[in-house]
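Chemist: Need coordinates for the below:
(chains A and B)
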Amino acid sequence: MSFERTQEKLKILADAAKYDVSCSSSGSNRKNHNKGIGDATGMGICHSYTEDGRCVSLLKILLTNHCIFDCAYCVTRKSNDIKRAAFKVQEVVDLTINFYRRNYIEGLFLSSGIFKSADYTMERLVAVAKKLRLEENFNGYIHLKSIPGASDELMKEAGLYADRLSVNIEIPTKEGLKLLAPEKNREDFLKPMRKVQNEIIQYQAEKKIIKSTPKYAPAGQSTQMIIGASGESDQQIMWTSNYFYKKFDLKRVYYSGYIPISYDSRLPQLGTDVPMLRENRLYQTDWLMRFYGFEVHEILNNEHQNLDLDVDPKLGWALRNLEHFPIDVNKADKMMLARIPGLGMKSAHKIVQARQFRKLNWEHLKRMGVALNRAKYFLVCDSRDFERRDLTGPQLKSIILQNSTSKYQNILSPQLNLFE
Amino acid sequence: MLILEEHTLVYDSTFDGFLTCVFQVYESKLKQVSFQRKNQVQESLFGINTEIITDLEKADRVWKGIRSHSTARGSLRLYYAFLSEQAQIESLLLTYIQQAFKSRIPLDSDFGNEMVLKISQIAKSVGREKHRMEAFVRFKLTKDDIYFANIEPDFDVLPLISKHFKSRYADQKWIIYDLKRQYGLYYDLEKVEMMNLTLPENFDPTQTASEYFTPSEMEFQTLWQNYFQSTNIVARKNIKLHIQHVPKRYWKYLSEKTT
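Modeler: Below you'll find the model as predicted:
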């Protein structure tokens, strides 16, 4: 491996891959076998964090940034004047193995620009994974991109070597996609996703009967949407997300605040701030849907098409639904506890266990880590001290905001002034 | 008023040693007990210093007792908390064990009990350090074909990470050496063993001297540093979050942070 050539390629192809936010290395169950290298069981590990605070878990690179498509939002679009490069299959294998042996990474996340055709590209991605598994006896994590338009046969093969597969739908609405990537249509994204979903179901069914059935994409599928590039509402984003979780059994949907990379007049201009706060609120909503038992329409509906930026979505929901509160922490079931603002799933779990021993009071809750500055208005416990005023949602919101500081204070302060 | 004599139990600072002390407390019906690790003995002016010799059989009996009075998770938590090496952790654990032996149901989930919560919090921070070391170990390939890493964890987590590295790097020899506690783990392609090293006087653990490491070692470190730079998104810069995830005290042995 020529060091200088590899170095040059790595710089270009890592830079081009960084807009894919997925970094997960968990959810697989691939064990080390035959004393090979690597193990992908158990929790994911973030080996480092970049200065933007994002986790570095996988070697995330493109095989090439040559691309026949010209999607406006994408940095590797055909018409963009940038340096192009391409890795050889063996180069990616060598980098992955040598990084892995030094404990830099959990594995490989390989994506690619589309060169020649979808199948030609997918074939090469599969070749890398196959070589790692069969020749290097590599049991670490492999995440491959499913190339829109790739054939069913290739997708079937990809799942035999990869732990996770993903297709990024990128633009949450059909109209947005038509505007920004007119050469693509949604069906091209859905087809490989559906194929993989069906294979996963089939392999799992066979596994129940024949134990030696090989693994097929054990960490499932994920996708990503760009936020703030096509004027979509939060409702459109999260309903789309919900659709993918329910219809395609996705493990994760990622939300990526659009980073201006182009003078294209269809997009936010260069220098526009990345909508990081909005992105954060969307992730919070995603968690409420996946772990807290919320239905998407409870949080976002025709009356509330966008999330509040100044309060988290659970608090926002609570303020609009005060009739459910206060909740008695010594009696309510776990899923009700988890609906109390400022009280997360871990605290809910601790409370359910601890109250078998004694009734819990404010002091107990505080020590367990409940954020009482928000939670105290929404619960009663073993104390005669509780919120007795009959406050309206807006009153309560302004009291809570006055008594807390947000890490997003800078972004929020112009709006906060309105309340004063 | 009765003044109870304080007994100071001096032990070898192993977990089995501590469990042997607990055995002694029950056997001799000691009331006021404090603990001292052998390597940090201070003569106390009052009370009695007793040296406890680690006895695996006694330790095992105590451990079985703990296991039968708690969930698997709860007993593991005690071991984790012990590895924190915090001042007076032994007394806290002893109190816990005494209460657990008296209780008919496992105390493990009694989070309203301040002591239970405290131990679970200490165990949690040891668990966090274990996970960090699984992430932050950076192997460098030596000329003897051994992947070598040095660490200085806040807590004594080597015993906890051994299994993780053994199953992951089954086909390469490796050493993880704790510079603070001066012992390490060595995997020889068959088994993991504890080991002590006499590092050469001119050995600088923050550097990759060509005297000890292979020529390609520096190249891979450079590639890793390049990758680390390229994968960063400048428009999203968030140093506060970065430092929260990778606290500065770990930087000196992280090759991506030492340029």
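
Chemist: so where is chain B shaky, pLDDT-wise?
Modeler: B:1-4, B:41-46, B:259 (pLDDT under 70).

Chemist: what residue is smack in the middle of it?
Modeler: Geometric centre of chain B, nearest residue: residue B:156, 1.9 Å, by C-alpha atoms, centre = their mean.

Chemist: if I look at it, how far off is chain A?
Modeler: 20 Å (C-beta to the nearest C-beta, to the nearest Å). For glycine as for every other residue, the C-beta is placed from the backbone atoms N, C-alpha and C.

Chemist: What are the phi and psi values at that residue?
Modeler: phi -80, psi 80 (degrees, to the nearest 10).

Chemist: what does the stretch 201-350 of chain A put close to chain B?
Modeler: Proximity of the stretch 201-350 of chain A to chain B, by C-beta under 8 Å from any C-beta of the partner chain, involves residues A:257, A:259-260, A:274, A:276, A:350.

Chemist: Walk me through the domains of chain A.
Modeler: A:3-289, A:313-419 (automatic domain parsing).

Chemist: Out of the residues of the stretch 201-350 of chain A next to chain B, name the ones that lie in helices.
Modeler: A:276, A:350 (DSSP state H).

Chemist: what two of the residues of the stretch 201-350 of chain A next to chain B have the greatest distance between them?
Modeler: A:260 and A:350 (43.4 Å; C-beta to C-beta).

Chemist: Looking at those two, which one has more neighbours?
Modeler: residue A:350 (24 against 18; other C-beta atoms under 10 Å in any protein chain shown).

Chemist: hang on, the earlier thing: hmm, the residue nearest to the centre of chain B is touching residue B:81, no?
Modeler: No - with contact defined as C-beta atoms under 8 Å, residue B:156 and residue B:81 do not form a contacting pair (11.6 Å).

Chemist: Which residues of the stretch 51-200 of chain A lie near chain B?
Modeler: Counting by C-beta under 8 Å from any C-beta, the stretch 51-200 of chain A sits next to chain B at A:51-56, A:59-60, A:95, A:98-99, A:101-104, A:137.

Chemist: List the buried residues of stretch A:64-79.
Modeler: Neighbour-count burial for stretch A:64-79, counted by 16 or more other C-beta atoms under 10 Å in any protein chain shown, picks out A:64-67, A:71-77.

Chemist: now, among these, which is nearest to residue A:159?
Modeler: Checking the buried residues of stretch A:64-79 one by one against residue A:159 (C-beta to C-beta), the nearest turns out to be residue A:64, at 22.3 Å.

Chemist: ok, now how distant is that closest one from residue B:232?
Modeler: 21 Å (C-beta to C-beta, to the nearest Å).

Chemist: Check residue A:263 too.
Modeler: Taking C-beta to C-beta, one finds residue A:263 at 23 Å from residue B:232.

Chemist: Ok, residue A:140 next?
Modeler: 23 Å.

Chemist: Residue A:364 contacts residue A:353, correct?
Modeler: No - using C-beta under 8 Å, residue A:364 makes no contact with residue A:353, being 11.9 Å away.

Chemist: got any residues that touch both of those two?
Modeler: residue B:111 (C-beta atoms under 8 Å, 6 or more residues apart in numbering or on different chains).

Chemist: out of those two, which sits in the more crowded spot?
Modeler: Each of residue A:364 and residue A:353 has its neighbours counted (other C-beta under 10 Å); residue A:364 has more, 24 against 13.

Chemist: Next one: the more buried one from chain B, what distance?
Modeler: 5 Å.

Chemist: where does that residue land on pLDDT?
Modeler: Looking at residue A:364, its pLDDT reads 97.

Chemist: What number of neighbouring residues does residue B:216 come out with?
Modeler: Count around residue B:216 with other C-beta under 10 Å applied: 12.

Chemist: quick one, phi/psi of residue A:151?
Modeler: phi -70, psi 160.

Chemist: can you check residue A:358 too?
Modeler: Torsion angles, degrees, to the nearest 10, at residue A:358: phi -160, psi 160.

Chemist: ok, for it, nearest residue in space, not its chain neighbours?
Modeler: Spatial nearest neighbour of residue A:358, chain neighbours left out: residue B:112 (5.1 Å); criterion: C-beta to C-beta, 6 or more residues apart in numbering or on different chains.

Chemist: Now intersect the residues of the stretch 51-200 of chain A next to chain B with the strands, please.
Modeler: A:55-56, A:59-60 (DSSP state E).

Chemist: quick one on the thing from earlier: roughly how far does the residue nearest to the centre of chain B sit from residue B:37?
Modeler: 11 Å.

Chemist: and residue 54, how many neighbours?
Modeler: I'll assume chain A. 21.

Chemist: not quite, I wanted chain B
Modeler: With other C-beta under 10 Å as criterion, residue B:54 counts 17.

Chemist: what's the answer for the one 5 residues further on, then?
Modeler: Other residues near residue B:59 number 20, with proximity taken as other C-beta under 10 Å.

Chemist: which ones are touching it?
Modeler: Applying C-beta under 8 Å, 6+ apart, the residues near residue B:59 are B:15-17, B:19-20, B:23.

Chemist: Please produce a markdown table containing these, extended by distance to residue B:52.
Modeler: Shown next, in a markdown table, are these (distance: C-beta to C-beta, whole Å):
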| residue | distance to residue B:52 |
| --- | --- |
| B:15 | 13 |
| B:16 | 11 |
| B:17 | 7 |
| B:19 | 10 |
| B:20 | 5 |
| B:23 | 9 |
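
Chemist: Any of those residues buried? List them.
Modeler: By neighbour count, with 16+ other C-beta under 10 Å, the contacts of residue B:59 hold B:15-17, B:19-20, B:23 as buried.

Chemist: Skipping its backbone neighbours, what lies nearest residue A:164 in space?
Modeler: residue A:219 is the one closest to residue A:164 (C-beta to C-beta, 6+ apart), at 4.1 Å.

Chemist: Need the pLDDT of the residue in the stretch 51-200 of chain A positioned nearest to chain B.
Modeler: Nearest residue of the stretch 51-200 of chain A to chain B, counting by C-beta to the nearest C-beta: residue A:53, 3.0 Å away. Note on residue A:53: pLDDT of 93.

Chemist: who touches it in this structure?
Modeler: Residue A:53 neighbours (C-beta under 8 Å, 6+ apart): B:236, B:238-242, B:244-245.
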